[in-house]
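[1] Okay, here's the prediction I keep looking at, along with the sequence it came from:
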Amino acid sequence: MSAPLEVVDLWQRHRAEGPAVLSGISLRVPAGEVAVVVGPSGAGKSTLLRCIAGLLAFDAGSIRLGQRTSSPERPEGLLGMVGLVFQGFELFPHLTVRENCLLGPRLVHRLPRPEGRARVDGLLEKLELRALADAFPATLSGGQRQRVAIARALAMEPLALLWDEPTSALDASLRQSVAALIRGVSATAIPQLVVTHDPEVARAVGGRIYRFVDGGLCE
């Protein structure tokens, strides 16, 4: 069942005595909606996504997705429930495109290989990557690797989806395709949070737009 994504008074520091990277962040993304986070480099946008995805611990606050909650005591509370499309792709170089996308569903959700392969191949077809299913990441262009990262996140059938600069390595036509894909995913009624420096993407996909400055939410 679809549920909103809620971040409540989130604080995060990279060091116990250091300055706060995130300072009391609260935001809400209703199910089926896309929210956008904008702001200068170093403002804490990517850190927020990693906290939500369960990849980075935080010091105070909570993150909620339906009946599930992530907290400082249990930062992995949403692990496996939230998909993250990394800005740096983070693909495994020794695995093919198909195997990169199959890994999460097989290990986390124990999806049988035939069912997982059918799901992944369908996504690769939609993203115009079907012919590259057996290729390795090193042989792909930046735009192709970005689309593989998107397919990998969608293959998990997440309850919420996070995008970290999803169009940074793409040309104009592919940026439009990714924006259309984000809008299409919203039809599945899951909440999505997009970090971007691209004003065209922000206008094309976003409803509510949050602006970060120095780890705080300014508007």
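    Received, thanks. Keep in mind that what you see is a predicted model, and the values were worked out from it rather than measured. Residues are numbered from 1 along each chain as shown.

[2] So, low pLDDT: which residues of this structure?
    1, 16-18, 169-171, 187, 217-218 (pLDDT under 70).

[3] Please enumerate the helices of it.
    Here the chain has its helices, by DSSP state H, at 45-53, 97-107, 113-126, 142-155, 172-186, 199-205.

[4] Residue 70 is nearest to which of the ones you listed?
    helix 45-53 (7.5 Å; C-beta to C-beta). For glycine as for every other residue, the C-beta is placed from the backbone atoms N, C-alpha and C.

[5] What is the closest one packed up against?
    Where contact means 3 or more C-beta pairs under 8 Å, 6 or more residues apart in numbering; DSSP states H and E, helix 45-53 is packed against strand 5-13, strand 20-29, strand 34-38, strand 82-85, strand 160-164, strand 192-195.

[6] and if we set it to 6 Å?
    strand 82-85, strand 160-164 (3 or more C-beta pairs under 6 Å, 6 or more residues apart in numbering; DSSP states H and E).

[7] which one of these lies closest to residue 74?
    The nearest among the helices and strands packed on helix 45-53, by C-beta to C-beta, is strand 82-85 at 14.2 Å.

[8] and the closest one, which strands flank it?
    Note on strand 82-85: by DSSP bridges, its sheet partners are strand 160-164 (parallel).

[9] now what about the partner strand, what contacts it?
    If you take C-beta atoms under 6 Å, 6 or more residues apart in numbering as the criterion, strand 160-164 is touched by 5, 46, 49, 65, 82-87, 190-195.

[10] repeat for stretch 45-60
    10-13, 21, 37, 39, 63, 72, 75-76, 78-79, 82, 84, 162, 164, 195, 212.

[11] follow-up on the earlier one: could you save the helices of the chain as TSV and add columns showing distance to residue 30 and mean neighbour count?
    Shown next, in TSV, are the helices of the chain (distance: least, C-beta to C-beta, whole Å; neighbours: other C-beta atoms under 10 Å):
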stretch	distance to residue 30	mean neighbour count
helix 45-53	15	23
helix 97-107	26	21
helix 113-126	25	16
helix 142-155	20	23
helix 172-186	10	17
helix 199-205	15	17
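
[12] domains of the chain?
    Annotated domains of the chain cover 1-81+158-219, 92-157 [automatic domain parsing].

[13] which residues does residue 62 contact?
    8, 69, 71.

[14] Hmm, residue 76 and the second one touching each other?
    No - at 11.3 Å, residue 69 and residue 76 do not qualify as touching, with contact defined as C-beta atoms under 6 Å.

[15] higher neighbour count, these two?
    residue 69 (14 against 11; other C-beta atoms under 10 Å).

[16] Show me what residue 12 is bridged to.
    Residues in beta-bridge contact with residue 12 (DSSP bridges): residue 22.
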